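# Have a look; sequence and predicted model below, questions after that.
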Amino acid sequence: MTDTAIAASGLRKSYGEKVVLDGISLNVPAGTVFSLLGPNGAGKTTTVHILSTLIRADAGDIRVAGHDLARHPDRVRRTIGVTGQFSAVDGLLTGEENLLLMADLHHLGRQGGRRRAADLLRQFDLEDAARKIAATYSGGMRRRLDLAMTLVGRPTIIFLDEPTTGLDPRSRRTVWQIIRDLVAGGVTIFLTTQYLEEADQLADRIAVLDQGKLVAEGTPAQLKRQIPGGHITLEFADLGQLDRAGVALGVTARDTEAMTLQVPSDGGMRSVRALLDRLDGAAVEPVRLAVHTPDLDDVYLALTETKKEAMQ
């Protein structure tokens, strides 16, 4: 395993005249969560299908776990696991039987397969349901079993294509913790999702895909800093403090009823410290301070709207 888990350059895919991926490039460091965001039809699932050897790209150089995907797809398949939008669980089998079936496919042998299944049932908190038919599982349990099946072969890179679609908030957070635990163990996660909060919670880096092109890439914090609208709200004890703070900070707009000032800011620690130093110099102390920064919803909408306007 190299320091780079996935490297793709000039990735292209079309179906007839429909361009799905238009020369995108990606670099995913090993042992991290890389999230690909975008609306339906943006090309997220196509990207996963190409990188996981399910379909061929029309053009592009791709290396997964150090292996050239075009020349050595079998080597790539031995290092990866894939969990798609729709569960691969066989509802007519028990949870344990689903795992044993995967163990057979990975040629683990009878004893090795049983040990691996038992370990995964314990890891994913499915021991009590091991011998129950999977069709009786809740959505969260089925998703946990699906992830467990992906891990039977001990992949170093896992593609998760919208893994929490349709799950309730509690089950979604359970899956998030599983993902964090996998990454802590050295696994690389390539995550596609429509839930921006999910990417914000999990991803080390995020790329935004729109109409087959990458429109932005960076850490969640870096992407948020690209969007204006961040500010710090300061609340004061009385009107006198509010007025002195306004003079010190050069802010004329204030809410005298709520005793608050709103100061434009990127929300970074340096900005907050500088603001507090200016207030301290004016002998003013706020009773409450709140930092408001753009979230990924703002980032995504701003980036995709900018691209649409440029095309008009």
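Thanks, I have it. Numbers count the residues shown, from 1 in each chain.

# Now R172: phi and psi?
Per-residue torsions, R172: phi -60, psi -40 (degrees, to the nearest 10).

# wait, I meant I158
Reported as degrees, to the nearest 10, the phi and psi values for I158 are phi -120, psi 130.

# what's the neighbour count on the residue lying closest to D266 once chain neighbours are set aside?
Once flanking residues are discounted, D266 sits nearest to G230: 5.2 Å by CB to CB, 6 or more residues apart in numbering. Where you see a C-beta, it was placed from the backbone N, CA and C, and this is true even at glycine. Neighbour count for G230, taken as other CB atoms under 10 Å: 19.

# Distance-wise, check G230 relative to L126.
Distance, G230 to L126, using CB to CB, to the nearest Å: 43 Å.

# and what of M259?
53 Å.

# Could you do I189 as well?
20 Å.

# Likewise for V215?
Applying CB to CB, the value for V215 to L126 is 40 Å.

# Name the residue closest to the centre of this protein, please.
A199 (3.1 Å; CA atoms, centre = their mean).

# So it: helix, strand or coil?
Classification of A199 using DSSP: H, G, I helix; E, B strand; the rest coil returns helix.

# How about the contacts made by it?
Residues in contact with A199 (CB atoms under 8 Å, 6 or more residues apart in numbering) are 35, 37, 191, 193, 206, 220, 296.

# Report the spatially nearest residue to the fifth one, omitting neighbours in sequence.
By the measure of CB to CB, 6+ apart, the closest residue to I206 outside its immediate chain neighbours is S35, 4.8 Å from it.

# go on, E97?
D90 (7.8 Å).

# so which strand or helix has the one you found?
Assigned by DSSP states H and E, D90 belongs to no helix or strand.

# Does it touch N98 like I think?
Yes. D90 sits in contact with N98 when judged by CB atoms under 8 Å, with a separation of 5.7 Å.

# out of these two, which sits in the more crowded spot?
N98 (24 against 15).

# what's the helix or strand for the more buried one?
helix 95-105.

# Low-confidence stretches in the protein?
Scanning the chain with the threshold set as pLDDT under 70 gives 1-2, 86, 228-229, 305-312.

# can you list the domain ranges for it.
When the chain is parsed with automatic domain parsing, its domains come out as 4-89+137-219, 231-292.

# who's in contact with the helix or strand harbouring G81?
In this structure, G81 sits in strand 80-83 according to DSSP H and E. For strand 80-83, the external contacting residues (CB under 8 Å, 6+ apart) are 48, 52-54, 64-65, 146-147, 150-151, 153, 155-161, 163.

# so of the residues you listed, which ones are in strands?
64, 157-161 (DSSP state E).

# Most neighbours among those residues, which one?
Within the ones in strands among the contacts of strand 80-83, most neighbours by other CB under 10 Å means V64, with 28 neighbours.

# thought that one was touching I6?
Yes. Applying CB under 8 Å as the test, V64 and I6 come out as touching, 5.4 Å apart.

# okay, and the common contacts of the two?
Joint contacts of V64 and I6 (CB under 8 Å, 6+ apart) are 51, 157.

# Looking at V215 and L126, which is more packed in?
L126 (21 against 18).

# returning to that earlier point: buried sites along the helix holding N98?
Within helix 95-105, the residues scored as buried using 16 or more other CB atoms under 10 Å are 95-103.

# Let me know the closest of the residues you listed to R77.
Relative to R77, the closest of the buried residues of helix 95-105 is M102; by CB to CB it sits at 13.9 Å.

# what's the spacing between the closest one and G16?
36 Å.

# and if you look at R56?
Using CB to CB, R56 is found at 16 Å from G16.

# quick one, which of these two is more surrounded?
Set side by side, R56 and G16 show more neighbours around R56, with 11 against 5, by other CB under 10 Å.

# That one sits in which helix or strand?
With DSSP H and E as criterion, R56 is part of no helix or strand.

# same deal with A5?
Using DSSP H and E, A5 falls in strand 4-15.

# Run through the bridge partners of L234.
L261, L289 (DSSP bridges).

# what's the neighbour count on it?
Using other CB under 10 Å, the number of residues around L234 comes to 27.

# That one contacts V291, correct?
No. Using CB under 8 Å, L234 is not in contact with V291; the gap is 10.4 Å.

# Could you look up the SS state of the residue of the chain positioned farthest from its centre?
For the chain, the residue at maximal distance from the C-alpha centroid (CA atoms, centre = their mean) is G240, at 46.2 Å. With three-state DSSP as the basis, the three-state label of G240 is helix.
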